[in-house]
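J.: with the input below, show me the fold.
(one chain, ligands or ions: 1)
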Amino acid sequence: MTAGIRSPHTLLDIKGLKTQFGSGRNPVNAVQGIDLKIGAGEILGLVGESGSGKSVLALSILRLIQSPGRIIGGSILFDGKDVLAMSNRELSGWRGRDIGIIFQQPQSCLNPVRRIGWQVAEPLRQQEKLSRKAAWDKAVTLLHSVGIPAPEEKALAYPHQLSGGQAQRVMIAVALALRPRLLIADEPTTALDVTIQAQILELLRDSCRDFGTSLMLVTHDLGVVARLADRVAVMYAGRIVEEGPVAPMLTAPSHPYARGLLDAAPRLGQMGGLRLRDIPGSIPDLSQPMPGCAFAPRCELRANLGLSACLGELPPFIPISEHHSARCWALPQADGIYSTPMTMGA
Ligand SMILES: Nc1ncnc2c1ncn2[C@@H]1O[C@H](COP(=O)(O)OP(=O)(O)OP(=O)(O)O)[C@@H](O)[C@H]1O
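T.: Below you'll find the predicted structure:
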């Protein structure tokens, strides 16, 4: 789809999602009220510092949060279906068929004692009710399409006989075998050599485009975002602080956190290798209450403007342009009026 123009059909619709770890007096609030939509066929890049809650959000969408973690609020609709209300049986059918995941370490996700052909073929056999032979043949075709050389022979190999890049290609074949409508990829190329990274990312992008699959791509790499994403969401301390089309997000982000993080913005089209910039200070303790903007203690803009509202009240999303908004008290609204009194002397 054209960068920055939201697809008319919303595939994933998350509202007010909250995920917590632990109980008692100080649980860790890893996801603190996320609203996010992904359109059909759209590629969303999700960025943020380590610990900002990206993986917890991804696992929450998949309902894969393990105890002591739990989703404590909000809703997730997948093509209008209530994911939080699905039974375990419904979930296991939904995962794989409608939604797939690719993790950072493919070797740890593949079954070490099963031939890779079997691992691609088995979901096809179960979900599409194919015969063993038909599923195996389709698996070989898929392995070929993800660039595995001599796929008939390689289908007989075990995961330990593959290179890291080949294993990630196999994971992509497994994830795409059933043509899911949404793929969640959490740092899919971090463990790979730089040259292989670019090939895998192109494969991921082209496969999603060919199959019309939406992609939520969790990454620290701005080059990857620039090359693949239609839209970008920036997370900080369990919340999305800015969201918009890729071009303005990378060339003119508005939120002071996004500005700091994306400062090394690559040219659109660059593939891989540009890490998010480090920002002085560290992410807050997510087990402590944060009444205002969680970034306020690290924010140069707040300090320069002397805003006190930032520490006291959570800013709303301020629209910057169509489909682009940021949660910051220091941003003037479209009419040039600040949304908060510019209280001095914070
Ligand atoms: N199993 C768990 N138990 C307790 N806290 C957890 C657990 N998993 C994640 N957290 C906490 O949730 C917060 C968000 O973590 P998460 O892994 O989602 O961050 P991230 O943005 O994906 O980081 P990274 O980029 O390093 O993967 C962190 O404070 C983390 O310590």
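
J.: which SS class is the residue of the stretch 201-346 of the chain found nearest the ligand?
T.: Closest approach between the stretch 201-346 of the chain and the ligand, counting by CB to the nearest ligand atom: Leu286, at 4.9 Å. Any C-beta I mention is one placed from the backbone N, CA and C, and that applies to glycine too. Under the three-state scheme (DSSP: H, G, I helix; E, B strand; the rest coil), Leu286 adopts coil.

J.: neighbours around it, how many?
T.: 22 (other CB atoms under 10 Å).

J.: ok, it - contacts?
T.: If you count contacts by CB atoms under 8 Å, 6 or more residues apart in numbering, Leu286 has them with Val28, Asn29, Ala30, Gln32, Gly51, Gly53, Ala237, Gly238.

J.: got phi/psi on the last one?
T.: Dihedral angles of Gly238 (phi, psi; degrees, to the nearest 10) stand at phi 80, psi 0.

J.: keeping just the C-alphas, turn stretch 306-316 into PDB.
T.: This file holds the C-alpha atoms of stretch 306-316, laid out as PDB (Å, rounded to 0.1, in the frame of the first residue of the first chain):
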ATOM      1  CA  GLY A 306       9.700  25.000  32.200                       C
ATOM      2  CA  LEU A 307       6.500  23.000  31.800                       C
ATOM      3  CA  SER A 308       5.100  21.600  35.100                       C
ATOM      4  CA  ALA A 309       2.000  20.000  33.600                       C
ATOM      5  CA  CYS A 310       4.200  17.300  32.100                       C
ATOM      6  CA  LEU A 311       4.900  15.800  35.500                       C
ATOM      7  CA  GLY A 312       1.300  16.000  36.700                       C
ATOM      8  CA  GLU A 313      -1.000  14.800  34.000                       C
ATOM      9  CA  LEU A 314      -0.800  12.300  31.100                       C
ATOM     10  CA  PRO A 315      -0.900  14.200  27.900                       C
ATOM     11  CA  PRO A 316      -3.500  13.300  25.300                       C
END
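
J.: surely Asn29 and Asp285 touch.
T.: No. Look at Asn29 against Asp285 with CB atoms under 8 Å: they stay out of range, at 10.0 Å.

J.: which one of those two has more residues nearby?
T.: Using other CB under 10 Å as the criterion, Asn29 and Asp285 rank with Asn29 on top: 22 against 11.

J.: Gly212 is in contact with Gly41, correct?
T.: Yes. Using CB under 8 Å, Gly41 makes contact with Gly212 at a distance of 5.0 Å.

J.: quick one: which of the two has more around it?
T.: Per other CB under 10 Å, whichever of Gly41 and Gly212 has more neighbours is Gly41, with 18 against 11.

J.: any idea how far Arg205 is from the more buried one?
T.: Distance, Gly41 to Arg205, by CB to CB, to the nearest Å: 12 Å.

J.: and what of His9?
T.: Counting by CB to CB, the gap from His9 to Arg205 is 20 Å.

J.: more neighbours: the two, which one.
T.: Arg205 (18 against 11).

J.: ok, the more buried one touching Ala229?
T.: No. Assessed by CB under 8 Å, Arg205 is found out of contact with Ala229, at 9.6 Å.

J.: pLDDT-wise, which helix or strand of this protein ranks last?
T.: helix 106-109 (a mean of 77; mean pLDDT, DSSP states H and E).

J.: how about the next helix or strand after that helix, which residues are buried there?
T.: Proceeding N to C from helix 106-109, the next assigned helix or strand is helix 116-127, under DSSP states H and E. Neighbour-count burial for helix 116-127 flags Ile116, Gly117, Trp118, Gln119, Val120, Ala121, Glu122, Pro123, Leu124, Arg125 (criterion: 16 or more other CB atoms under 10 Å).

J.: around the ligand, pick out the residues from the stretch 1-150 of the chain.
T.: Within the stretch 1-150 of the chain, the positions near the ligand by CB under 6 Å from any ligand atom are Phe21, Val28, Ala30, Gly48, Ser50, Gly51, Ser52, Gly53, Lys54, Ser55, Val56, Gly69.
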